[in-house]
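Engineer: When you get a sec, could you give me coordinates for this:
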Amino acid sequence: MLVFFFLLFHSTSNAQCAGVDNQVTICDITNPANQNINLFNYLLGSPMTGGTWIDNDRSGGLNPATGILNVTQINQSGTFEYIYVVNNSACFDDRASITVTIGGYAGIGVENPPGSACDDNDSVNLFQFIGGSPNPQINGNWSQVSGTPAIFNGNILDAAATGIGSYRFRYSLPAIGSCPESVTFVNLNIYPAPKPGTTRDLTICETADFSLYTNLNLLDFLIGQDSGGRWTEESGTSELSGPFDTFINVQNIYNAFGPGKYEFKYTVLPSHPICNIKTATVSIIIENQLDFTNSTLVVDSDICENEIATAVYTATLTQGVEAIPNGNYTIQYQITGAFNSTRTIVAAFNSGIMTFPIPRTSFPAVGAYTIKILNIHETTGYNTC
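Structural biologist: Model prediction:
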């Protein structure tokens, strides 16, 4: 009888090194006690201390060294398994599990303060309007309660497609186990973004008739703007007498400052601070007329017929009376003669000299050819002159 008792005691001791599995349900997510749950206390049987824990479902709420579970760090409701492991060679069963059911948590309260969004925002996160701490779980469902049909996918609302107005949304997590459904509501107002309009620029050559632009209305260069905006400039022309002056004299600008780019900004303030201030810029561009008077274009010397197939041609353009700024230029040139062609290339002026290759295919046959430059302008320019 004593031997039988001894054997039974030894077997039971080995089988319960990690304790016996158990199940726990936690519904009250905001209870401070549920931020510091010692899972060891929920093991049944007689578990040995000193083991380690495994967050088997990677919930993110467990400290594996201490076995302390913080449910507010678990970002979704559901059922999660935590395994306790005892590293003891004398144990027959060195593992036990605690299965924890986490109830849904949609937010600190049923109603939230009204939220605001701008109608130029195509990615409004509705979660930002759920206040309080801890954060709501993310595996719930969003639905619209009121307002014209909104365009949203889960928690992301396209306010730009939805439009101006007032909207009410419901966020809910379903009941799970003995935990009830959790619900909160978001009220959202979408406000109009300011519209500074679409602009077009005035680009003219310095040889233009400036008498046509002595009373230029900047509003003529805006389309679809809100009224009541303010004009400013950073070019220093002093053409604007105040923020609501819309007329400028381009001839005065040219006479005082010469060719250049002069910018005038139209700024519209939002009706609600959730929207950003918007600005549109009208540019007055007066392009410099390059003067190639007395410039020369030289191409390699004449060749014989037997050299046509292998000849290499290089053109050299040298500035004339006016210095040409260094930089890249777009050149269109024409070749006439036994074979006619027109080409456009980009080449660089450097210290008044530009060189560029001419393909040998431009001169396929015996004869006299004339090379004429039709157009040349800075590659980054506007080609108005």
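Engineer: part of a strand, is Ala338?
Structural biologist: No: looking at Ala338 with DSSP: H, G, I helix; E, B strand; the rest coil, it is coil, so not inside a strand.
Engineer: Could you point out which residue ranges in the chain have low pLDDT?
Structural biologist: 1-16, 93, 301 (pLDDT under 70).
Engineer: Identify the residue nearest Glu81 in space, chain neighbours excluded?
Structural biologist: Closest residue to Glu81 apart from its sequence neighbours, by Cβ to Cβ, 6 or more residues apart in numbering: Asn56 at 4.3 Å. No exception for glycine: its C-beta is placed from N, CA and C like everyone else's.
Engineer: so who does that neighbour touch?
Structural biologist: Asn56 sits next to 80-83, 97 when contact means Cβ atoms under 8 Å, 6 or more residues apart in numbering.
Engineer: And these, which is closest to Gly61?
Structural biologist: Using Cβ to Cβ, Phe80 comes nearest to Gly61 of the contacts of Asn56, at 7.9 Å.
Engineer: Just the terminal-to-terminal distance for stretch 262-278.
Structural biologist: Distances were taken as Cα to Cα, to the nearest Å; on that basis the terminal residues of stretch 262-278 are 20 Å apart.
Engineer: err, stretch 122-140, not the other one
Structural biologist: Between where stretch 122-140 begins and where it ends, there is a gap of 22 Å, by Cα to Cα.
Engineer: give the contact list for the spatially most central residue of the chain.
Structural biologist: Taking Cα atoms, centre = their mean, the centroid of the chain lies closest to Ser123, which sits 10.7 Å from it. Ser123 makes contact with 156-158, according to Cβ under 8 Å, 6+ apart.
Engineer: Restricted to buried residues, select those residues in PyMOL.
Structural biologist: Restricted to buried positions by 16 or more other Cβ atoms under 10 Å, the PyMOL selection for the contacts of Ser123 reads:
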select buried, resi 157+158
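Engineer: Keep only those of the contacts of Ser123 that are in strands.
Structural biologist: Using DSSP state E, the subset of the contacts of Ser123 located in strands is 156-157.
Engineer: Next, format the contacts of Ser123 as CSV and append distance to Ile108.
Structural biologist: Written out in CSV, the entries for the contacts of Ser123 read as follows (distance: Cβ to Cβ, whole Å):
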residue, distance to Ile108
Ile156, 22
Leu157, 21
Asp158, 27
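Engineer: Just give me the closest of the contacts of Ser123 to Asn63.
Structural biologist: For these, the minimum distance to Asn63 (Cβ to Cβ) is 32.8 Å, reached by Ile156.
Engineer: Quick check: the closest one touching Asn121?
Structural biologist: No: checked against Cβ atoms under 8 Å, the pair Ile156 and Asn121 is beyond contact range at 10.5 Å.
Engineer: Do I have it right that Ser133 meets Ile108?
Structural biologist: Yes: with contact defined as Cβ under 8 Å, Ser133 and Ile108 form a contacting pair (7.0 Å).
Engineer: Which members of the contacts of Asn56 occur in helices, if any?
Structural biologist: When the contacts of Asn56 are checked against helices (DSSP state H), there are no matches.
Engineer: Can I get the residues you listed in TSV including neighbour count and distance to Thr232?
Structural biologist: Shown next, in TSV, are the contacts of Asn56 (neighbours: other Cβ atoms under 10 Å; distance: Cβ to Cβ, whole Å):
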residue	neighbour count	distance to Thr232
Phe80	22	59
Glu81	15	64
Tyr82	23	63
Ile83	18	67
Ser97	20	69
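Engineer: Many thanks, I have nothing further to ask.
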